[in-house]
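**Q** predicted model and sequence follow; I will ask about them next.
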Amino acid sequence: MRTAFHRVIAIDGPAASGKSSVARELARRLGFIYVNSGAIYRAITRYVLQHGVDPDDGVRVAQTVESADISCGLENNESRILIDDVDPTDHLREDRVNEAVSRVSSVPQVRQILVAKMRSYACNHDLVMEGRDIGSVVFPHTPYKFYIDASPAVRLRRRAAQGQRDEIAARDRADSSRRASPLIIAEDAHVIDSSNLTIEGVVAEILNRLKLKGLK
Ligand code: DC
């Protein structure tokens, strides 16, 4: 399957690995659109919770998501999602969303619907897209794949510095062990350990690599 007419840079990695800051800055430097796929899973999770659906009830989760009017658009060169015309952006980091997002995103029908929306961004734009399965499932044919990691201690520190209560170890376990599109390192991904690097350092390494790969 080849849907990407435009160039896609895939950035995957576990929670709090620094991939959002890196992906946003990289997109800015390249003049590409930045798509945060985690935000899309978070938005749908909030919607499911607001409808009083148990995130462990995969059948009801799937029905709820199937009936939602999901619009994936852009604002200031970044992805922006509306569900039933509501913009949930300010609520995506709520504790209850952090706690439920891995369960909602493990439902295959949810992934199927959201992956189609994510792919559609590449019909009209060059993208930097970050997530868990961008290089392995969403855009497996892109030659530009990166996997950003950091030690568990560094990732915990980064989340704490953001003032968030987020059980990242539990989320990583769930995201890596689920059946549908688990977090894996794509075979052809370039792995970067960001534990001792600044955002600028990681971006510089990616830009170097992209140059070697001939990205204009
Ligand atoms: O990137 P993030 O921590 O905001 O992602 C939140 C959750 O969304 C993550 O724990 C699992 C899910 N997710 C996913 O299943 N696939 C993606 N491509 C991105 C996120």
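**A** Good, I have the coordinates.
**Q** quick check: residues of the chain near the ligand?
**A** 15, 37-38, 41-42, 101-102, 105, 131-134, 171, 175 (CB under 6 Å from any ligand atom). Backbone N, C-alpha and C define where each C-beta goes, glycine included.
**Q** so Ala10: helix, strand or coil?
**A** With DSSP: H, G, I helix; E, B strand; the rest coil as the basis, Ala10 sits in strand.
**Q** please apply the same query to Ser79.
**A** Under three-state DSSP, Ser79 falls in the strand class.
**Q** so what's the residue count around it?
**A** 21 (other CB atoms under 10 Å).
**Q** hang on, it packs against Ser120?
**A** No - contact between Ser79 and Ser120 fails when scored by CB atoms under 8 Å: they sit 11.0 Å apart.
**Q** what residues are shared contacts of the two?
**A** The contact sets of Ser79 and Ser120 overlap at Cys72 (CB atoms under 8 Å, 6 or more residues apart in numbering).
**Q** the one residue sitting closest to the centre of the chain: what's it in contact with?
**A** The centroid of the chain falls nearest to Gly131 when counting by CA atoms, centre = their mean (2.5 Å). Contacts for Gly131 (CB under 8 Å, 6+ apart) come out as 11-12, 36-38, 138.
**Q** could you rerun that using 7 Å?
**A** Taking CB atoms under 7 Å, 6 or more residues apart in numbering as the contact definition, Gly131 lies against 12, 37-38.
**Q** going along the chain, name the helices of this structure.
**A** 19-30, 37-50, 58-66, 95-104, 108-121, 152-161, 168-177, 199-212 (DSSP state H).
**Q** how distant is the second one from the center of its chain?
**A** Remark: helix 37-50 is offset 12 Å from the chain centroid, using CA atoms, centre = their mean, to the nearest Å.
**Q** returning to what we had before: now, among the contacts of Gly131, which is nearest to Leu156?
**A** Gly38 (17.6 Å; CB to CB).
**Q** skipping adjacent residues, who's closest to the closest one in space?
**A** Residue nearest to Gly38 in three dimensions, not counting chain neighbours: Gly131, with 5.9 Å by CB to CB, 6 or more residues apart in numbering.
**Q** also Phe5?
**A** With CB to CB, 6+ apart as the criterion, Phe5 has its nearest non-adjacent residue at 6.3 Å, and that residue is Cys123.
**Q** go on, Pro108?
**A** Ala180 is the one closest to Pro108 (CB to CB, 6+ apart), at 4.4 Å.
**Q** again with Ser106
**A** Nearest one to Ser106, counting by CB to CB, 6+ apart, is Arg178 at 4.1 Å.
**Q** for Gln162, see how far away that neighbour is.
**A** 25 Å (CB to CB, to the nearest Å).
**Q** just the pLDDT at Thr3, thanks.
**A** Note on Thr3: pLDDT of 48.
**Q** I'd assumed His190 was in contact with Arg209.
**A** Yes - if you go by CB atoms under 7 Å, Arg209 and His190 touch, sitting 5.4 Å apart.
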